[in-house]
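In: quick one, fold the following:
(chains A and B)
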Amino acid sequence: MVTRLELVKELAAIVPQDALVVTSIGNNSYFWAELADHEATLFHSTLGMCTPAAFGLAMALPKRKVVALDSDGNLLLNLGVLGTIANENPTNLTVLVMDNGNYLGSHKSAPGMRTASGGKMKLQEVAKGCGIASSHLVSDVASFREKMQSALKSDGPHFVCAKVEPLDTERPPKTKHVLDPRENKYQFAKLIEKAEGVQILGGGLGNFG
Amino acid sequence: MKIEKAKLVVEGLKEAGVDFTAGVPDAQFIQVYKMLEEDPDIRYVGTANEAEAAGVGYGAYFGGKKPALMLATSGLLVATYHLARINILHEVPLLVVIPYRGDIGDPRWMGLYKKTTEPGLNAMDIPYRVVSRSSDIVRTIKECNESARAWLRCIAVILNEEALW
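Out: I've put the predicted structure just below:
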């Protein structure tokens, strides 16, 4: 089985700079921050919030490719979002789940406790059953590359479940400052404002503005 | 909720510049949800639960939308984890509009929500206004959203008494 590190490295080489990436808390955020020089990233989406946030972003900016870099435990908390996505059909959205099958394993020397997808549940089948026709399971770098490249070049929504090792025994060296949620808010919002000509921040000047 | 009052809620959202809403339909606000779903100026996304709605609204904000969440008092409890993160950790503004089931005057046994709604908002550090007269609905929604956007905070509008029933 492949590691999260290998796939995040590969993803960093695949995702175009103008695509927007939303990452779940934990090692998806930290690995992505280290390995991808990708300013258009919204980091630290807590359990249940990563894919919904990416979906909301994709709805707001339908001409931009949006990638949710999610994890199994995170997605499982709000699994119903897959049905919402299928019905709303954001063609610019790709949901990528790093499925390590366990809670907390990414931060420990031994696996944590099993998630549902670490048992009998198959997330790619759930996504398909929810109505996301382009739903795939990958477990090696070559098939990951193929499915993600295809997803980023075609209309979705797409769902890619990447089965990864339960433990992140390989980690990138810590060399970068990972933005905290508020720094990230300002940086990301300013980037979108400039690129899309929309106002996100600002206000507060009342009648003086 | 009578249709005339539901229209005022939608009018208030428009006056406030809200162009994106998410939520889960409830009995008191069903007319509001139906109007939003058909309105060409406000995008409505029906979610599977209210925490998901909060996440969707959070993402839409970063795409330049002015989002509002339509939450029942029960749904506010479901959304609490994400709303607390969004408001306290990320400091991202979402307008939250709540029909106040469980307040005094509710003819059904919903008193549970009297114990949870306002204390819950306080615990999440979400300021709110209670609107009791329908004549105040439009102005209050507009003012609350203006403050939310300026303060980078979630702010709630809660409808009770004549404004709701």
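In: could you pull out the strands in the chain for me?
Out: Chain wasn't specified; assuming chain A. Listed in chain order, the strands found in chain A under DSSP state E are A:20-24, A:41-45, A:66-71, A:93-99, A:102-103, A:113-114, A:134-138, A:158-163.
In: think we crossed wires, I meant chain B
Out: Here chain B has its strands, by DSSP E, at B:20-23, B:43-46, B:67-70, B:95-99, B:128-131, B:155-159.
In: how about the ones you listed in JSON lines, adding distance to A:L123 and mean pLDDT?
Out: No exception for glycine: its C-beta is placed from N, CA and C like everyone else's. Converted to JSON lines, the strands of chain B look like this (distance: least, Cβ to Cβ, whole Å; pLDDT from 0 to 100):
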{"stretch": "strand B:20-23", "distance to A:L123": "23", "mean pLDDT": "98"}
{"stretch": "strand B:43-46", "distance to A:L123": "22", "mean pLDDT": "98"}
{"stretch": "strand B:67-70", "distance to A:L123": "27", "mean pLDDT": "98"}
{"stretch": "strand B:95-99", "distance to A:L123": "31", "mean pLDDT": "98"}
{"stretch": "strand B:128-131", "distance to A:L123": "38", "mean pLDDT": "98"}
{"stretch": "strand B:155-159", "distance to A:L123": "34", "mean pLDDT": "98"}
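In: A:P16: how many residues sit nearby?
Out: Neighbourhood size, A:P16 [other Cβ atoms under 10 Å in any protein chain shown]: 10.
In: just checking, it touches A:K153?
Out: No - between A:P16 and A:K153 there is no contact under Cβ atoms under 8 Å: 9.7 Å.
In: what residues does chain B put near chain A?
Out: Neighbours of chain A within chain B, by Cβ under 8 Å from any Cβ of the partner chain: B:20, B:22, B:43, B:45-49, B:51-65, B:67, B:81-82, B:85, B:89-92, B:146, B:149-152.
In: format the strands of chain B as TSV; extra columns: mean neighbour count.
Out: Output for these, formatted as TSV (neighbours: other Cβ atoms under 10 Å in any protein chain shown):
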stretch	mean neighbour count
strand B:20-23	28
strand B:43-46	19
strand B:67-70	29
strand B:95-99	27
strand B:128-131	19
strand B:155-159	26
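In: just so I know, which of those strands lies nearest B:V9?
Out: strand B:95-99 (6.7 Å; Cβ to Cβ).
In: send the alpha carbons of that closest one over as PDB?
Out: C-alpha atoms of strand B:95-99 as PDB (Å, rounded to 0.1, in the frame of the first residue of the first chain):
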ATOM      1  CA  LEU B  95     -25.400  35.300   9.300                       C
ATOM      2  CA  VAL B  96     -27.600  32.700  11.100                       C
ATOM      3  CA  VAL B  97     -31.400  33.100  11.000                       C
ATOM      4  CA  ILE B  98     -33.300  31.000  13.500                       C
ATOM      5  CA  PRO B  99     -37.100  30.600  14.000                       C
END
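In: contacts only, for the spatially most central residue of chain A.
Out: Ranked by distance to the mean C-alpha position of chain A (Cα atoms, centre = their mean), the top residue is A:L69 at 1.5 Å. Counting by Cβ atoms under 8 Å, 6 or more residues apart in numbering or on different chains, A:L69 touches A:8, A:11, A:21-24, A:28, A:32, A:50, A:96, A:98.
In: same deal with B:I88?
Out: B:I88 sits next to B:124-125 when contact means Cβ under 8 Å, 6+ apart.
In: how far out from the middle of the chain is the longest helix along chain A?
Out: In chain A, taking DSSP state H as the definition, the longest helix is helix A:181-196. Centroid displacement of helix A:181-196 relative to its chain, using Cα atoms, centre = their mean, to the nearest Å, is 17 Å.
In: for it, buried residues please.
Out: A:181, A:184-185, A:188-189, A:191-192 (16 or more other Cβ atoms under 10 Å in any protein chain shown).
In: just name the lowest-scoring one in those, pLDDT-wise.
Out: Note: of these, the lowest pLDDT belongs to A:P181, at 94.
In: isn't that residue right up against A:T46?
Out: No - contact criterion Cβ under 8 Å: A:P181 and A:T46 do not qualify, at 9.6 Å.
In: if we can go back for a sec, contacts for the longest helix of chain A?
Out: With contact meaning Cβ under 8 Å, 6+ apart, helix A:181-196 is reached by A:18, A:20, A:39-44, A:61, A:64, A:179, A:198-201, B:62-64, B:89-92.
In: show me where chain B has helices.
Out: Using DSSP H, the helices of chain B run over B:3-15, B:30-38, B:50-62, B:73-84, B:112-123, B:137-151, B:161-164.
In: which of the residues in the fourth one are buried?
Out: When neighbours are counted by 16+ other Cβ under 10 Å, the buried residues of helix B:73-84 are found to be B:73-84.
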